[in-house]
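>>> coordinates for the following, if possible.
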Amino acid sequence: MTKPNRGGTLSLLELQGVGPARKMRFEPAERVNLITGDNGLGKTFLLECAWWALCGSWAGYSVYPRQDADHDEPNITCQILDESGALRKIIYHYLWQEHKWSYQVKEGLARPFEVNPGLLVYAHVDGGFALSDRIRDEWIGITTSVSTSLVFTKDEVWEGLRVEVNGKTKLLCNGLIIDWVYWQSTPGISPFNTLKKVLRRLSPPDLDRGDLGPLEPGAPVRIPGDSRWMPTIKHPYGEVPLIHASAGVRRIVALAYLIVWAYAEHKAQAELAREEPCRRMVILIDEIEAHLHPQWQRVILPALLDVQEDLEAELQIQFLITTHSPLVMASMEPRFDAEKDKVFHLDLIRQAALGPDSVGGTLGGEVALEELDFIRHGRVDSWLMSEVFEMRHARSLEAEGAIEDAKKLQMQDEVTTEEVRGVTERLVKYLAGDDKFWPRWTFFAEQHGVEL
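Below you'll find the model as predicted:
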């Protein structure tokens, strides 16, 4: 069997006859890739397909062709850039009778087990994770030709992951609770010091500003009804067992643990296999801002960019991240590098814009994936009204409606005092006293006999 090339990143993903668009082309950058767009347009779908392209297995349900796809149309094409700088191309096509995806055997194309980026971590928005490490897969005997990712439910991240292989139970991961306490008791021979560094880096902002402060391990404790020692986290008001921590803390703690555990296990399995560990890693995160306070949303992505320093100085990480947060976007302004980073936006193109001969979906349109120029908008409300989030106003819907009606009124040739007074009452009710729209409206209202 051809020895697989390890340690690559995703260079290209082309989807045809599958998903919210008949064709979609995704060319990620080597470092940060931020994927934005409204709900239901395919952000998670794109991550799922990227995961398949990277490791040859699904982290959840397999995707299926579109209902309007032709028989020979559905395929998934990907290119992996390995550590040597070589591009390896794989094309998957859909087998209708078998209801599964299979790679094409053709000159110039690679097979999945010949190309593998090596180490992949995928954080789902529901608290679950997926992990793919080719060296580990081969060692534990899960697969011999196609990589199989380890898929953790939210509970399995904490309690451990077990699978049946050839009639025997294999413990693939001890879980956060057991590993944390064991690592803490043996810091000299475990990755506990690395975990502490990563936790501190991914922590909320400064405690002096009223935030939660650094995430630091406390002393393990016992809780009723459980024979295990439980890890704790230090808060300003005391040490809290991790299983009782908030949803935001639990998600970031789980992310830190899985990243540290995955890389530590990768190095351990590489040593057992007498191989060099990968120097590239791919991390996929769905809705990075989930459960996080705005203060935390503003620091989490820059912190992740620096995590590689805690793992390995020579490690390169490619991030594929979906987000709905203007704070996450704003946090990249000081760090964005056009040569290493990209922003993508999923948008619904209506049937009228597609043309009379196009084939639209059930909504009378089709989703398009567009690479956007990264523009530094500065203020978060400016990000909300940018092409990334496409809001007309950074206000409530009621305030937006009142302002739009006020603007229409200002454009009319004939306006009555009662019309101006009615809109004024709505503006007073829904707008802040220092809203920047007031000077414009005050002058207009007074001209029509309405004093504010």
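
>>> show residues contacting stretch 51-64.
10, 13, 18-19, 45, 48-49, 76, 78, 80, 90, 92, 94, 99-101, 103, 112-113, 116-117, 120, 122, 124, 130, 132, 134, 146-149, 151, 282, 284 (CB atoms under 8 Å, 6 or more residues apart in numbering). The way it works is simple: take the backbone N, C-alpha and C, and place the C-beta from them, glycine included.

>>> try stretch 223-234
So stretch 223-234 is in contact with 176-178, 180-181, 184, 214-222, 239-243, 245, 249, 253, going by CB under 8 Å, 6+ apart.

>>> and the buried ones among those, selectable in PyMOL?
Selecting just the buried residues from the contacts of stretch 223-234 in PyMOL takes one command, with 16 or more other CB atoms under 10 Å as the test:
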select buried, resi 176+177+178+180+181+184+214+215+217+218+220+240+241+242+245+249+253
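
>>> from the contacts of stretch 223-234, which ones fall inside strands?
216-217, 221-222, 239-241 (DSSP state E).

>>> any stretches of the stretch 1-150 of the chain with poor pLDDT?
Scanning the stretch 1-150 of the chain for pLDDT under 70 picks out 1-7, 111, 113-117, 137-148.

>>> can you give me the strands for it?
In the stretch 1-150 of the chain, the strands defined using DSSP state E, counting those that start in this stretch lie at 9-18, 21-26, 32-37, 75-81, 87-95, 100-103, 119-123, 129-133, 150-152.

>>> before we move on, back to that, now, of the contacts of stretch 51-64, which are buried?
Buried members of the contacts of stretch 51-64, scored by 16+ other CB under 10 Å, are 10, 13, 18-19, 45, 48-49, 76, 78, 80, 90, 92, 94, 101, 103, 112-113, 116-117, 120, 122, 124, 130, 132, 134, 147, 149, 151, 282, 284.

>>> wait, what's in contact with A303?
A303 touches 201-203, counting by CB under 8 Å, 6+ apart.

>>> hang on, I meant G17
65-66, 69-70, 73-75, 94.

>>> among the residues you listed, which pair sits farthest apart?
Spatially, the most separated pair among those is R66 and N75, at 12.2 Å (CB to CB).

>>> quick one: the longest helix along the chain to strand 119-123, angle?
Longest helix of the chain, by residue count under DSSP state H: helix 247-272. Interaxial angle, helix 247-272 versus strand 119-123 (axes from the mean of the first three to the mean of the last three CA atoms, to 10 degrees): 170 degrees.

>>> buried residues of helix 247-272, list them for me.
For helix 247-272, a neighbour-count test (16+ other CB under 10 Å) marks 248-267, 269-270 as buried.

>>> can you pull out the low-pLDDT segments for the stretch 351-452 of the chain?
In the stretch 351-452 of the chain (pLDDT under 70), the answer is 351-364.

>>> show me where it has strands.
Using DSSP E, counting those that start in this stretch, strands in the stretch 351-452 of the chain cover 365-372.

>>> I349 in helix, strand or coil?
At I349 the chain is in strand, as set by DSSP: H, G, I helix; E, B strand; the rest coil.

>>> my read: it touches A368, true?
Yes. If you go by CB atoms under 8 Å, I349 and A368 touch, sitting 5.1 Å apart.

>>> more neighbours, the two?
Using other CB atoms under 10 Å as the criterion, I349 and A368 rank with A368 on top: 18 against 15.
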